[in-house]
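Chemist: Let's see this in three dimensions:
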Amino acid sequence: MSPLRLIHGAAVLVAAGSLAVTLWTGLEDRGVALAFGTLITVGELTRWSDAQARQAAPLGAAGSLSYALLGADAGRPAQHGAAQVVTVVLVAALLGAVPHIWSGGTPTADHLARRVLTVGFAAVCFQPPYDNRVFASWTGPAYPLLLLVLLALTSLCGAVLAATLAHCRTRWPFGPLLREELRGLLGIGSAVGATGAVMALGVAVAGLWALPVFCLPLLLVQLTVRRYAAVRATYRQTIASLARATEIAGCTPAGHAHRVAALSVAVGRDLGLTGPELTVLEYAALMHDIGQLSLVDPVPAGATAALPAAEQRRIALLGGAVVRQTGVDAAVAVVVERQADPCPEQPLAARIVRAVNAYEEKARDAGPEGPLRALEELRLGTAGDYAPEVVESLARVLARPRGWRATVPAHGGPGRTGLSDPAPGWVTHG
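Modeler: Below is the predicted model:
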């Protein structure tokens, strides 16, 4: 059984068992359950799709964790158990997911499976010991510290699940995916955990009135993150517009820069690049031909891979100078400048751009056998021109009929389709 089916199956079993227990025993503390269910539903309704967001529904996640770690309501011991926690979270998440399911814009099944399993883990770790008064003697800072430890363990569990689901969906290397998820916990993930703990403690002392009060800081954080995502999207659109300058000037074929960027990001993912490294790679791939704007005589069809090495380096240096003048990150200019350097001296991003650009130039308009012949030419060139590990990664990516297209970033990060899909003839081998 694949890990994807195992995770989904475990989530279904946990959800079904919790629902059956709750229906059999009845719903305890209905007012508390309604308040937290409403909060989680609102959080799920405000969930947004962003390529780099490790937590796209922070309010829903914080509310779920808070309910799982809730031991009292205004000093009165809470009566709900772990099964009721999972049931309330599941129903609220399903209600909040209706618009997303209707639009089909987000991987709702994976999101719900991860939410059910992580909340179930937190509830099982906390509710039975609390009901048995195991934590009764934990006073002072010991009790809040306990909640933070449980939240840290739950976040780690969620990161492992998210990385596993992404690995199953895309076949990207698991290690870099997990590192990226763990890195994301240092951002809004930490705010979600802290808010969940504070809400649980606040409701235990002040009652349900603490929920709206402690939600406000997280709402402000969410608003800030969404604004940052919008700025990042505008920045990427500006770079994409600059990349089209070579097409408008007739220096390169239409869509060439976007196809190279799409495939470069997929190869970078396969080789373990994450986060900022993928962003630099994408921007450099989009602007890799911008040096041709400085040429007096245009290169036929913009095919620089067939030019002499000295001419390739001259165009690359011209492109790097143009990129530096645009104010883009200097790391992008370095990749553009060094894409024509001798292979052993290039950074990995430059090796990727060079190999993918050569493949696209050799494969386009070459008929049904063009992609295979282009790949073989690159393999023959691994003695000096192209990095062997990049060429083999390119072959693996091209052998995935659909999965690799999911690596194309939409807003400067991995995970969403935003660039033009490559020509259909590319994916013909394997």
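Chemist: A helix includes residue 138, no?
Modeler: No: judged by DSSP: H, G, I helix; E, B strand; the rest coil, residue 138 forms no part of a helix; its state is coil.
Chemist: Please work out the average pLDDT along the helix ranked longest in the chain.
Modeler: Longest helix in the chain, counting residues (DSSP state H): helix 210-243. Across helix 210-243, pLDDT averages out at 84.
Chemist: Next: stretch 301-319.
Modeler: 84.
Chemist: which residues touch it?
Modeler: 246, 251-253, 256, 287-292, 294-295, 299, 336-341, 357-358, 361-362 (C-beta atoms under 8 Å, 6 or more residues apart in numbering). All C-beta spots, glycine's among them, are computed from the backbone N, C-alpha and C.
Chemist: Which ones among these map onto helices?
Modeler: 246, 256, 336-338, 357-358, 361-362.
Chemist: and the helix or strand harbouring residue 15, what does it pack onto?
Modeler: Taking DSSP states H and E as the criterion, residue 15 maps to helix 3-25. The contact analysis (3 or more C-beta pairs under 8 Å, 6 or more residues apart in numbering; DSSP states H and E) places helix 3-25 against helix 82-103, helix 108-131, helix 142-170.
Chemist: Residue 271: which of those helices is closest?
Modeler: Nearest to residue 271, of all those, is helix 142-170, at 13.5 Å by C-beta to C-beta.
Chemist: and the closest one, which residues are buried?
Modeler: Of the residues in helix 142-170, 143, 146-148, 150-151, 154-168, 170 count as buried by neighbour count, 16 or more other C-beta atoms under 10 Å.
Chemist: State the next helix or strand along the chain beyond it.
Modeler: helix 174-184.
Chemist: Just the buried positions in that next one, please.
Modeler: Of the residues in helix 174-184, 174, 176-182, 184 count as buried by neighbour count, 16+ other C-beta under 10 Å.
Chemist: average pLDDT for that helix?
Modeler: The model assigns helix 174-184 a mean pLDDT of 85.
Chemist: Okay, angle between it and helix 142-170 too, please.
Modeler: Following axes from the mean of the first three to the mean of the last three C-alpha atoms, to 10 degrees, one obtains 140 degrees for the angle between helix 174-184 and helix 142-170.
Chemist: Name the next helix or strand following helix 174-184 along the chain.
Modeler: Using DSSP H and E, the helix or strand that follows helix 174-184 in sequence is helix 190-206.
Chemist: tell me what that following helix is packed against?
Modeler: helix 58-68, strand 72-73, helix 142-170, helix 210-243.
Chemist: Touching that helix from outside, list them.
Modeler: 32, 55, 58, 61-67, 69-75, 144, 147-148, 151-152, 154-155, 185, 210-211, 213-215, 217-218, 221.
Chemist: In ChimeraX, select just the buried ones from those.
Modeler: A single ChimeraX command suffices to select whichever of those are buried according to 16+ other C-beta under 10 Å:
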select :32,55,58,61,62,63,64,65,66,67,69,70,71,73,147,148,151,154,155,185,210,211,214,215,218,221
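Chemist: From residue 173, how far out is the nearest residue to residue 165 once chain neighbours are set aside?
Modeler: Once flanking residues are discounted, residue 165 sits nearest to residue 110: 4.8 Å by C-beta to C-beta, 6 or more residues apart in numbering. Going from residue 110 to residue 173 by C-beta to C-beta, to the nearest Å gives 18 Å.
Chemist: Mind checking which of those two has more residues around it?
Modeler: residue 110 (20 against 17; other C-beta atoms under 10 Å).
Chemist: The residue nearest to residue 21 when sequence neighbours are not counted and residue 270: what is the separation?
Modeler: Using C-beta to C-beta, 6+ apart and skipping residues adjacent in sequence, the residue nearest residue 21 is residue 83, 3.9 Å away. According to C-beta to C-beta, residue 83 stands 42 Å off from residue 270.
Chemist: Which one of these two is surrounded by more residues?
Modeler: residue 270 (25 against 22).
Chemist: show me the contacts for the more buried one.
Modeler: 172-173, 393, 396-397, 404.
Chemist: Name the nearest residue to it, ignoring sequence neighbours.
Modeler: Per C-beta to C-beta, 6+ apart, closest to residue 270 is residue 393, 4.6 Å.
Chemist: What count of nearby residues applies to that neighbour?
Modeler: 21.
Chemist: That one contacts residue 269, doesn't it?
Modeler: No: Residue 393 is beyond contact range of residue 269, at 9.2 Å (criterion: C-beta atoms under 8 Å).
Chemist: thinking again about what came up before, now for the helices and strands packed on helix 190-206, which one comes closest to residue 88?
Modeler: For the helices and strands packed on helix 190-206, the distance to residue 88 is smallest for helix 58-68, at 6.6 Å, taking C-beta to C-beta.
Chemist: Residue 352 versus residue 346, what's the distance?
Modeler: For residue 346, the distance to residue 352 (C-beta to C-beta) stands at 9 Å.
Chemist: wait, I meant residue 380
Modeler: 19 Å.
Chemist: Neighbour count for these two, which is higher?
Modeler: A direct count of neighbours by other C-beta under 10 Å for residue 380 and residue 352 places residue 352 higher, at 32 against 11.
Chemist: What is the subsequent helix or strand relative to the helix or strand where that one lies?
Modeler: In this structure, residue 352 sits in helix 348-363 according to DSSP H and E. Sequence-wise, the next helix or strand downstream of helix 348-363 (DSSP H and E) is helix 370-380.
Chemist: Provide a list of residues in contact with residue 331.
Modeler: Taking C-beta under 8 Å, 6+ apart as the criterion, residue 331 is in contact with residue 280.
Chemist: could I get the helix or strand where it lies in CSV with only the CA atoms?
Modeler: Taking DSSP H and E as the definition, residue 331 sits inside helix 330-338. What follows is helix 330-338, C-alpha atoms only, in CSV (Å, rounded to 0.1, in the frame of the first residue of the first chain):
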residue,chain,number,x,y,z
ALA,A,330,22.1,39.8,-7.4
ALA,A,331,22.0,36.0,-7.1
VAL,A,332,19.8,35.9,-10.2
ALA,A,333,22.3,37.9,-12.1
VAL,A,334,25.1,35.6,-11.1
VAL,A,335,23.3,32.6,-12.5
VAL,A,336,22.5,34.4,-15.7
GLU,A,337,26.2,35.4,-16.1
ARG,A,338,27.6,32.0,-15.3
